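> Please find the sequence and the predicted model below.
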Amino acid sequence: MNQKVTIKDIAKKLNVTPSTISRALSDHPSISTKTKDLVRKTAIELNYHPNRMASSLRRGKGHSIGVVLPKINSNFMSNCIFGIESVTYPSGYDLIICQSNESFEKEMNNIEALIASRVSGVLISLSRDTKNIDHLRNVLRRNVPLVMFDRIEESLNVDSAVNDDRTTSADAVVHLAKQGFKKIAILSGPTHTYVYKNRLMGYLDGLRLSNLEINENWIYSNVFSKDNAKKIVKDIFKKSLNKSRPDAFFCTGDKIALGVLQSVKELGLSIPDDIGVIGYANDPFSSIITPSLTTIEQFPKEIGISAAKIIINLIEQGKTFTSPNKKILIKPQLIVRETSSRVTNLDASLKSSPS
């Protein structure tokens, strides 16, 4: 078996000290560019591979970044990870990915495990159950860089990468109003959570901009699933008189919107002629169902890239957060499809009618 090449072997070949080789490989400013290039060339020739674990132990921390997110299997979060990894891997950092599964207790345990593993920094998107953030304050007390993305807690005053949910949610409601919908309801996730709070505020902004009624009875929060949405819509149409029923639904997730679509069809109503629907996320199914779902593209890859760039910069500068804190806003995009395009359908009908 061939013996593994070490820094000492490179140092012996070049007739320099091992510490010089170590500094050259870590791009230390005290080493000249000429020496760095020679050391790297020799390392390749000798087939040298650095021992990251040993290096981490010497530095007292790992060369890895912990990522805590609500659900790995969501299309949005998997694309966030894709964006994060596209930045961290070329920068020489490994990812340790943890899933809270929307549990506050599991989120705390994830954080404790990452700190025990001596990660260089932590990226987190909060679970929907998270209201207490003492476990994140503990990360900062330990001088570990912390960056939040998507679901954040503003009172923590750390750097973050998020969507401009409020503006785009208002755009969605204004679009519905321009299509002739006047009684617009919202089906939202828990509004104590940053993203859903902002989508609710955007919904209200859109109603005001369109001079439409704000009806508290049309605001539904803590809607988590397709089945939950189906039940709500069926209850609305079972209990309400025609004049008090919504004629459109702005949903803060595509799966919620899918539940609305299924309920409306089962009730024998037409989409979008009777009921308009808008989702949020641009999940893959949204463009292939019939009718196709108007939704909002969140650009999760860009959120991941932005969050990763922030935390690597903090790690390299030896900071836990930027003061004042940095918030990168990614502008989502409203994608208009069939479930909200009532005016388009009316125009087509008029054009085909005899004059």
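That came in fine, so what should we check first? Note that the structure is predicted; figures quoted are calculated from it, not measured.

> drop to CA atoms for contacts and neighbour counts, all remaining ones
Noted.

> which residues of the stretch 251-355 of the chain fall in strands?
Ranges of strands in the stretch 251-355 of the chain, per DSSP state E, counting those that start in this stretch, are 276-278, 295-297, 327-330, 333-335.

> can you tell me which residues contact the residue nearest the centre of the chain?
Nearest to the mean C-alpha position of the chain, counting by C-alpha atoms, centre = their mean, stands Asp150 at 4.1 Å. If you count contacts by C-alpha atoms under 8 Å, 6 or more residues apart in numbering, Asp150 has them with Ser125, Ser160, Ala161, Val162, Asn163, Val195, Ile303.

> Kindly recompute the last result at 7 Å.
Applying C-alpha atoms under 7 Å, 6 or more residues apart in numbering to Asp150 gives the contacts Ser125, Ala161, Val162, Asn163, Val195.

> out of the strands of the stretch 251-355 of the chain, nearest to Ser74?
Nearest of those to Ser74, taken as C-alpha to C-alpha: strand 295-297 at 14.3 Å.

> helices or strands next to that closest one in the packing?
strand 333-335 (3 or more C-alpha pairs under 7 Å, 6 or more residues apart in numbering; DSSP states H and E).

> can you give me the mean pLDDT across the strand it packs on?
For strand 333-335, mean pLDDT is 98.

> From the chain's centroid, how far away is it?
Remark: strand 333-335 is offset 16 Å from the chain centroid, using C-alpha atoms, centre = their mean, to the nearest Å.

> Can you name the residues in contact with that strand?
Thr168, Ala172, Thr294, Thr295, Ile296, Glu297, Gln298.

> Now the phi/psi pair for the residue lying closest to Leu114 once chain neighbours are set aside, please.
Nearest residue to Leu114, sequence neighbours excluded (C-alpha to C-alpha, 6 or more residues apart in numbering): Gly66, at 6.1 Å. In terms of degrees, to the nearest 10, the main-chain angles of Gly66 are phi -90, psi 140.

> Surely Gly66 and Asp94 touch.
No - using C-alpha atoms under 7 Å, Gly66 is not in contact with Asp94, being 8.6 Å away.

> Which one's more surrounded, these two?
Set side by side, Gly66 and Asp94 show more neighbours around Gly66, with 24 against 17, by other C-alpha atoms under 10 Å.

> List the beta-bridge partners for the more buried one.
Ile96, Val122 (DSSP bridges).

> and it, what is it in contact with?
Gly66 sits in contact with Leu95, Ile96, Ile97, Leu114, Val119, Gly121, Val122, Leu123, where contact means C-alpha under 7 Å, 6+ apart.

> Identify, from those, the entry nearest to Pro145.
Gly121 (4.7 Å).

> which residues does the closest one contact?
Gly121 neighbours (C-alpha under 7 Å, 6+ apart): Ile65, Gly66, Val144, Pro145, Leu146, Ile311, Ile315.

> what's the neighbour count on Glu85?
Residues near Glu85, counting by other C-alpha under 10 Å, number 19.

> Quick check: which element contains it?
Element membership for Glu85, per DSSP states H and E: helix 75-88.

> and that helix, what's its mean pLDDT?
On average, helix 75-88 scores 96.

> deepest of the strands of the stretch 251-355 of the chain, which one?
Highest mean neighbour count among the strands of the stretch 251-355 of the chain (mean count of other C-alpha atoms under 10 Å): strand 276-278, with a mean of 30.

> what's in contact with that one?
Taking C-alpha under 7 Å, 6+ apart as the criterion, the residues outside strand 276-278 that touch it are Asp247, Ala248, Phe249, Phe250, Cys251, Ala257, Leu293, Thr294, Thr295, Thr339, Ser340.

> What score does the residue nearest to Leu114 have for pLDDT?
On the pLDDT scale, Gly66 is placed at 98.

> Kindly report the same for Asn110.
97.

> How about the secondary structure of the closest residue in space to it that isn't next to it in sequence?
Closest residue to Asn110 apart from its sequence neighbours, by C-alpha to C-alpha, 6+ apart: Cys98 at 6.3 Å. Here Cys98 takes the strand state, with states given by DSSP: H, G, I helix; E, B strand; the rest coil.

> From Leu114, how far off is Cys98?
9 Å (C-alpha to C-alpha, to the nearest Å).

> repeat for Leu293
Distance from Leu293 to Leu114, by C-alpha to C-alpha: 39 Å.

> Which one of those two is surrounded by more residues?
Leu293 (29 against 23).

> Can you give me the neighbour number for Gln99?
18.

> swap in Ser64?
Counted with other C-alpha under 10 Å, the neighbours of Ser64 add up to 22.

> For the residue nearest to it when sequence neighbours are not counted, give me the pLDDT.
With C-alpha to C-alpha, 6+ apart as the criterion, Ser64 has its nearest non-adjacent residue at 4.6 Å, and that residue is Asp94. pLDDT for Asp94: 93.

> thinking again about what came up before, pull the residues that contact the helix holding Glu85.
Lys71, Ile72, Asp94, Asp283, Pro300, Lys301, Glu302, Ile303, Gly304, Ile305, Ala308, Lys309.

> List buried members of these by neighbour count.
Lys71, Ile72, Asp94, Asp283, Pro300, Lys301, Glu302, Ile303, Gly304, Ile305, Ala308 (16 or more other C-alpha atoms under 10 Å).

> Next, give me the two most distant ones among the residues you listed.
Among the buried ones among the contacts of helix 75-88, Asp94 and Asp283 lie farthest apart (C-alpha to C-alpha), at 27.8 Å.

> Return the list of helices and strands in contact with the helix or strand in which Ala24 is found.
Secondary structure from DSSP H and E places Ala24 in helix 18-25. For helix 18-25, the packing partners by 3+ C-alpha pairs under 7 Å, 6+ apart come out as helix 7-14, helix 33-45.
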